[in-house]
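Colleague: Quick one: sequence and predicted model below, then my questions.
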Amino acid sequence: MGICRSIEAREGRPRGLARKNLVLEMAHESPSRPEGNTSGYSMVNRDIDVLRATPAYSDVEIFAYEEMKFATKNFRPDLILGEGGFGVVYKGFIDQNVRPGFKPMQVAIKELNREGFQGDREWLAEVNYLGQLSHPNLVKLIGYCCEDEHRMLVYEYMASGTLEKHLFRRVGSSLSWAKRMKIALDAAKGLAFLHGAETPIIYRDLKSSNILLDTDFNAKLSDFGLAKEGPMGDQTHVSTRVMGTYGYAAPEYVMTGHLTARSDVYGFGVVLLEILIGRRVMDKNRPSREHNLVEWARPLLSHNKKILKILDPRIEGQYSTKTAMKVANLTYQCLSQNPKGRPLMSQVVQMLEGFQCTKDTDSGTVLHGEVDDLILSPNTSHSTQ
């Protein structure tokens with residue numbers, strides 16, 4: 001049994017992010033492990049010992065590898081929910097047969113691909129952040145497994161899958177305008193919460209595949225492997241290696257490695273554009289000038305007649321022209337090349353709250369209200385973002 005499971009004492013404390021997290025800094029900034037060098041693996045184990053001793057993790061379960069095998073029926077292939085750079089995600093079920101006294105629940109179990117040290121860093125980051133943070137629009141970390149070479153994360157199960165799956169599906173019903181606006185608001189609330197933490201957190205990897213949906217299509221941010229503490233005090237940015245997903249990363253971050261909360265705002269703008277138009281941010285199957293969604297569509301967002309022609313035809317008739325133009329304007333501002341021209345996520349939340357619908361039908365929607373007084377000024381700024 002690995003050193004990860006060597007600490008058993010845990011204390012209770014309100015959930016909140018520690019002011020300074022040396023474990024996470026080691027996880028993010030340590031150089032990559034040379035092939036054949038085991039020192040990095042030992043460092044990860046020592047960091048996990050520190051995590052296990054941190055009181056903030058009092059309500060995060062630590063599972064044995066045998067329990068994970070039992071929960072996934074020995075990692076049965078037909079229980080695979082998805083695969084990515086991190087590894088494989090399985091649907092699992094934990095009950096008293098897996099762990100006596102445990103409340104029965106469906107879970108998603110993500111197994112780390114052991115081929116690279118970057119996976120260890122991401123794994124540590126997820127345990128660190130989701131082990132301490134709690135918000136309705138962040139996916140809940142139920143527990144983790146760190147035993148010998150095995151690294152796994154156990155999340156609440158999100159039955160409706162990813163926003164990506166529903167936005168770009170070829171068959172079946174599409175997301176209504178009302179659902180899209182609610183999902184956008186939920187994601188915005190999750191980001192605003194991270195940015196407003198005592199120690200601001202920059203998510204750094206917002207994309208439609210990282211927004212998960214439950215049975216009622218409530219949206220939650222997942223995959224905190226690239227999250228990083230933001231600038232504090234007089235700092236204007238943090239400098240870091242450029243990481244993320246092509247097409248969603250803010251241009252100034254890609255060019256300089258300077259990361260701020262407004263880098264996340266740009267990524268949110270890309271997702272909002274995908275929601276509006278129903279296209280992927282990168283699509284080589286389109287005509288060449290339309291390969292990059294942002295480059296093609298952003299100039300059209302400020303032209304009323306043009307934007308109405310490129311909105312997703314599957315939601316035609318479900319929104320008022322006035323509201324569609326306001327969402328397009330918000331998207332345009334989030335995608336500003338100048339970071340200071342982008343709104344704060346708290347302002348984005350305000351705007352999107354005004355676009356929510358009281359009725360969700362195929363024939364139309366009834367809006368709560370038109371928030372004319374909340375049109376954002378590009379000069380609005382915040383010292384820490």
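Modeller: Here it is on my side, so go on. For clarity, every value in this text was computed on a predicted model and none was experimentally measured.
Colleague: and the closest residue to residue 182 other than its chain neighbours, how many residues sit next to it?
Modeller: In space, residue 182 comes closest to residue 356 once its chain neighbours are excluded; the distance is 6.4 Å by C-beta to C-beta, 6 or more residues apart in numbering. Just so you know, the C-beta spots here come from the backbone N, C-alpha and C atoms, and that holds for glycine as well. Using other C-beta atoms under 10 Å, residue 356 has 15 neighbouring residues.
Colleague: ok, now residue 141?
Modeller: Residue 141: 24 surrounding residues under other C-beta under 10 Å.
Colleague: Quick check: it vs residue 96, distance?
Modeller: Spatial separation of residue 141 from residue 96 under the definition C-beta to C-beta, to the nearest Å is 21 Å.
Colleague: any idea which residue sits dead centre in the protein?
Modeller: For the chain, the residue lying nearest the average C-alpha position, counting by C-alpha atoms, centre = their mean, turns out to be residue 221 (3.6 Å).
Colleague: Run through the helices of the stretch 101-250 of the chain in chain order.
Modeller: For the stretch 101-250 of the chain, helices defined by DSSP state H, counting those that start in this stretch occupy the ranges 117-130, 163-167, 177-195.
Colleague: Buried ones in the longest one, by neighbour count?
Modeller: Along helix 177-195, these residues count as buried under the neighbour rule (16 or more other C-beta atoms under 10 Å): 177-195.
Colleague: who does that helix touch, helix- and strand-wise?
Modeller: Using 3 or more C-beta pairs under 8 Å, 6 or more residues apart in numbering; DSSP states H and E as the contact criterion, the secondary-structure elements in contact with helix 177-195 are strand 201-202, strand 211-213, strand 219-221, helix 261-277, helix 345-353, strand 357-360.
Colleague: export these to TSV and tack on distance to residue 65 and mean pLDDT?
Modeller: Shown next, in TSV, are the helices and strands packed on helix 177-195 (distance: least, C-beta to C-beta, whole Å; pLDDT from 0 to 100):
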stretch	distance to residue 65	mean pLDDT
strand 201-202	30	94
strand 211-213	25	97
strand 219-221	27	98
helix 261-277	35	97
helix 345-353	38	96
strand 357-360	44	51
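Colleague: of all those, which lies closest to residue 295?
Modeller: Shortest distance between residue 295 and these, using C-beta to C-beta, is found for helix 261-277: 10.9 Å.
Colleague: Now that residue 147 has come up, it's in contact with residue 69, right?
Modeller: No: the pair residue 147 and residue 69 does not pass the contact test of C-beta atoms under 8 Å, sitting 11.0 Å apart.
Colleague: Sweet, I'm off.
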